[in-house]
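# need a 3D model of the following:
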Amino acid sequence: GGGAAGGELGKDKVMMKEQSIQCVIGCNPDERDRLQELVVTITAWVSLRQSLQKYVPDFDILNKQVKRASASDWDKHAAAELKGTHNYSSLAKISRKVCEEGKFFTIEALAECIAREVLTDLDASQVTVLIDKPEALQKKGAKAAACEITRSREEIFFAGKPKAPPPQPVVEEEEFAQQPNASGTARRLSSPMPTLEP
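Numbers count the residues shown, from 1 in each chain. The predicted structure is shown next:
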C-alpha cells in the first residue's frame with residue numbers, strides 16, 4: 001500500500017474487522033494442547049489522501065475518475081490507485097501468523113505483539129488491536145473476554161530509549177591550588193576543578 005504521514009498521526013483509519021482465528025491461547029493446562037477461537041479487529045491510522053496523491057492526480061474529482069474508469073487502459077489506472085491505498089490482506093496475514101505461531105498465554109501479550117508487527121510492516125502511525133476470546137467467559141454468561149490496546153509508532157520503537165546525559169559545565173579559566181609546591185610557587189592542577197552544586 002501507499003505511505004502514511006511519517007511522524008504525524010494519520011487522520012484516516014483502515015480496518016480489518018472480526019477475523020476469526022483458531023489458535024492455542026491461555027494459561028490453564030487444558031488450554032495448552034487445543035485450539036480456541038479468537039476474534040481479531042485491527043485499526044491502522046494512516047493518511048490516505050497523502051498516499052493516494054502520490055500515485056493518482058485529481059483522484060477525488062469525479063469527471064477525472066469517470067475518464068479513468070472508461071479508458072482503454074483502465075487496468076493501469078486501477079493499479080496506480082491501488083498503490084495509494086493500504087493492503088488490508090496484510091493486516092489479516094499478520095494477525096493470523098502471530099496468533100497461530102506464538103501460542104500466547106494471554107490476549108494482552110498477543111495484542112501487543114500484533115501491534116508491533118503491524119507498525120513494523122505497514123506505514124501506519126498508530127494501530128488499535130481488539131481481541132475477543134469468546135470461550136473465556138461462556139459459563140459466566142458473557143459473550144467474550146476482550147482486550148483492546150492502541151499503540152503509536154513512537155511508543156513501540158522510541159519509548160524507553162536512554163536520553164543523552166546533560167552537558168557538563170566547562171571551566172573557562174585555569175584553576176590553581178592554594179598550597180605552594182616545593183619551589184614555593186602555586187601548583188597547577190592537571191585538570192579543571194569540578195564545579196560544585198550549590
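
# now do the strands in the chain.
12-23, 36-46, 126-133, 145-152, 176-180, 186-188 (DSSP state E).

# in contact with Arg153, which residues are there?
Taking C-beta atoms under 8 Å, 6 or more residues apart in numbering, we find Arg153 in contact with Gly7, Leu119, Ala124, Ser125, Gln126. For the C-beta atoms, the positions are set from N, CA and C on the backbone; glycine is no exception.

# shaky segments in this protein?
Applying pLDDT under 70 to the chain picks out residues 1-9, 160-198.

# where do the helices of it begin and end?
Assigned by DSSP state H, the chain shows helices spanning 48-53, 62-70, 74-83, 88-102, 107-121, 153-157.

# which elements pack onto the second one?
Read that as helix 62-70. When contacts are defined as 3 or more C-beta pairs under 8 Å, 6 or more residues apart in numbering; DSSP states H and E, helix 62-70 packs onto helix 74-83.

# next one: the helix it packs on to chain centre, how far?
From the chain centre to the centre of helix 74-83 is a distance of 28 Å (C-alpha atoms, centre = their mean, to the nearest Å).

# closest to Trp74 among the contacts of Arg153?
Ala124 (29.0 Å; C-beta to C-beta).

# from Ile25, how far off is the residue nearest to the closest one when sequence neighbours are not counted?
Among residues not flanking Ala124 along the chain, Ala44 sits closest, at 3.9 Å (C-beta to C-beta, 6 or more residues apart in numbering). Per C-beta to C-beta, to the nearest Å, Ala44 is found 23 Å from Ile25.
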